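> give the three-dimensional model of this entry:
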Amino acid sequence: MNNDLISHDTPTAPENSKPKFFAPFILVLLCAVAIGFGIRHYRSSSETITEAASEVYFSEIGAGGPSLEKRLVTRLANAAERIDAALYHLDSAPIADALIEAHNRGVQVRMVTETDNIDEKAIGRLQEVGIQVADDGNPDSYMHHKFIVIDERYVWTGSYNTTYNGAYKNNNNVIFIDSVPLAYNFAQEFRELFLDMEVGQSSGGFATKLSDGTQISTYFSPKNDTISPLLKEIQSAKTSIHFMAFSFTHDALGNAMRECFQSGVNVQGVFEERQANNQYSEYNPMKDAGLRVILDENRGAMHHKVIVIDGETVITGSYNFSKNAETRNNENLLIIKENREIAEAYVSEFERITR
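You can find the predicted model right below:
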């Protein structure tokens, strides 16, 4: 977008038709109007960081493209007022640097993390400069979120842990969303975790529509019923289900997918190899039932938690397909509809991984 002011030529009045002071007055008035339009145009363009209501990113392992780490650093550099980060894991020095730089320029930065990870070096660096960091205080479950709310307008969430491996070795996805209502919803979840108490209206079971018509529903476990909406979406499948699962041990979800397959739905999935060896994994039962499921061959972790239904509906977030994710851990689950471009992006990632 061009922010340059556009000047307009005006006809010159006949020399004797108006008093001499009138022409300078008109010029001054026109300059003032042009400057006013220019300022308004600049403000409008500077408030918009993204051209789209949402953007989807994947790990660029070995591809030489922008990493998730670099993309997040750029987003944090654009923060003007507030950053609320709920991060299971933080060992990325560049991201810690970006949070500290935001804090130093006057942005309010707060973070909540998993109890087991509160002593990480990068988190200690944040605390040293005065950034408030809280942990979930529960050693029996995980604060497993990987979301950041920027300026109460933008939400960054997905499967990506803010670590070196998360950005450069593991298969991960992130969706970056421009939506004030959604940002408020995630910020409410953050406040409840940060303050370790319910704050006002519950953050869960929320639905909104983006400016481009995309419909997003969000659920936060363990306080929300996450399994019912998941099963409803799977059972609604008419033609296809594609899934990428780091951990898939939930019997009800596995049964629902097998029933879809038996009714003629094309069900395809990829499992993280190391997790598929778990005695509770759905990999072998699905394979034995004839579903087209394979093991990931990436040397790192296939860390996605994604289901795409009929090439139209996307389920993503931090939520592994397990009982612990449903009943114990702090997780976020997004169900995204009415945006085929987003669905096609996730199906393309599935096809890339399974080639």
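> just give me the residue closest to the centre of the protein.
Closest residue to the average C-alpha location of the chain: residue 157 at 2.5 Å, with C-alpha atoms, centre = their mean.
> so that residue, which of the three states?
Put simply, residue 157 is strand when judged by DSSP: H, G, I helix; E, B strand; the rest coil.
> need the nearest residue in space to it, chain neighbours excluded.
The spatial neighbour of residue 157 that comes closest, neighbours along the chain excluded (C-beta to C-beta, 6 or more residues apart in numbering), is residue 147 at 3.8 Å. C-betas here are computed from N, CA, C, even on glycine.
> residues contacting the one you found?
For residue 147, the contact set (C-beta atoms under 8 Å, 6 or more residues apart in numbering) comprises 85, 86, 155, 156, 157, 186, 190, 318, 332.
> would you turn those into TSV with pLDDT and distance to residue 92?
Formatted as TSV, the contacts of residue 147 follow (pLDDT from 0 to 100; distance: C-beta to C-beta, whole Å):
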residue	pLDDT	distance to residue 92
85	98	12
86	98	15
155	98	19
156	98	14
157	98	16
186	97	21
190	97	19
318	98	17
332	98	20
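> one step back: report the separation between the residue nearest to residue 157 and residue 321.
19 Å (C-beta to C-beta, to the nearest Å).
> so residue 250 sits against residue 324, correct?
No. Counting by C-beta atoms under 8 Å, residue 250 stays clear of residue 324, with 9.4 Å between them.
> beta partners of the residue nearest to residue 157?
Beta-bridge pairing of residue 147 under DSSP bridges involves residue 86.
> that one and residue 136, how far apart?
Residue 147 is 14 Å from residue 136, by C-beta to C-beta.
> circling back to that earlier point, which one of residue 250 and residue 324 has more residues nearby?
residue 250 (22 against 17; other C-beta atoms under 10 Å).
> please name the nearest non-neighbouring residue to the more buried one.
residue 321 (5.0 Å).
> quick one, phi psi at that neighbour?
phi -90, psi 70 (degrees, to the nearest 10).
> how far away is it from residue 249?
Where residue 249 is concerned, residue 321 sits at a distance of 7 Å (C-beta to C-beta).
> likewise for residue 83?
In terms of C-beta to C-beta, residue 83 sits 34 Å off from residue 249.
> residue 129 too?
40 Å.
> that older thread, surely the residue nearest to residue 250 is in contact with residue 252?
No. Taking contacts as C-beta under 8 Å, residue 321 lies outside contact range of residue 252: 9.8 Å.
> ok, the two, which is more surrounded?
Taking other C-beta under 10 Å, residue 321 and residue 252 do not tie; residue 321 has more neighbours (24 against 15).
> check contacts around that one.
Here residue 321 is in contact with 243, 245, 247, 248, 249, 250, 253, 282, 305 (criterion: C-beta under 8 Å, 6+ apart).
> right, and the helix or strand after the helix or strand bottoming out on mean pLDDT in the chain?
Ranked by mean pLDDT, DSSP states H and E, the weakest helix or strand in the chain is helix 22-46, scoring a mean of 36. Downstream of helix 22-46, the first helix or strand assigned by DSSP states H and E is strand 54-58.
> other residues contacting whichever helix or strand comes after that next one?
Counting by DSSP H and E, the next helix or strand C-terminal to strand 54-58 is helix 68-77. Contact partners of helix 68-77, identified using C-beta under 8 Å, 6+ apart, comprise 49, 57-60, 83, 92, 94-95, 97-99, 101-102, 148, 150, 154, 156, 160, 162, 164, 166-168, 172, 174, 176.
> restricted to buried residues, select those in PyMOL.
In PyMOL, a selection of the buried entries from the contacts of helix 68-77 looks like this (16 or more other C-beta atoms under 10 Å):
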select buried, resi 49+57+58+59+83+92+94+95+98+99+101+102+148+150+154+156+160+162+166+167+168+172+174+176
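> show me where pLDDT drops low in the stretch 101-250 of the chain?
In the prediction, the stretch 101-250 of the chain carries residues with pLDDT under 70 at positions 197-204.
> which stretches in it count as helices?
121-128, 164-168, 180-195, 227-235 (DSSP state H, counting those that start in this stretch).
> pull the CA atoms of the longest one into PDB?
Coordinates of each C-alpha in helix 180-195 appear next as PDB, following Å, rounded to 0.1, in the frame of the first residue of the first chain:
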ATOM      1  CA  VAL A 180     -10.800  -8.700  18.700                       C
ATOM      2  CA  PRO A 181     -13.600 -11.100  20.000                       C
ATOM      3  CA  LEU A 182     -11.300 -14.100  19.600                       C
ATOM      4  CA  ALA A 183      -8.400 -12.300  21.200                       C
ATOM      5  CA  TYR A 184     -10.600 -11.400  24.200                       C
ATOM      6  CA  ASN A 185     -11.600 -15.000  24.500                       C
ATOM      7  CA  PHE A 186      -8.000 -16.200  24.600                       C
ATOM      8  CA  ALA A 187      -7.000 -13.300  26.900                       C
ATOM      9  CA  GLN A 188      -9.700 -14.400  29.300                       C
ATOM     10  CA  GLU A 189      -8.200 -17.900  29.300                       C
ATOM     11  CA  PHE A 190      -4.800 -16.400  29.900                       C
ATOM     12  CA  ARG A 191      -6.000 -14.300  32.900                       C
ATOM     13  CA  GLU A 192      -7.700 -17.300  34.500                       C
ATOM     14  CA  LEU A 193      -4.400 -19.200  34.300                       C
ATOM     15  CA  PHE A 194      -2.200 -16.200  35.300                       C
ATOM     16  CA  LEU A 195      -4.300 -15.400  38.300                       C
END
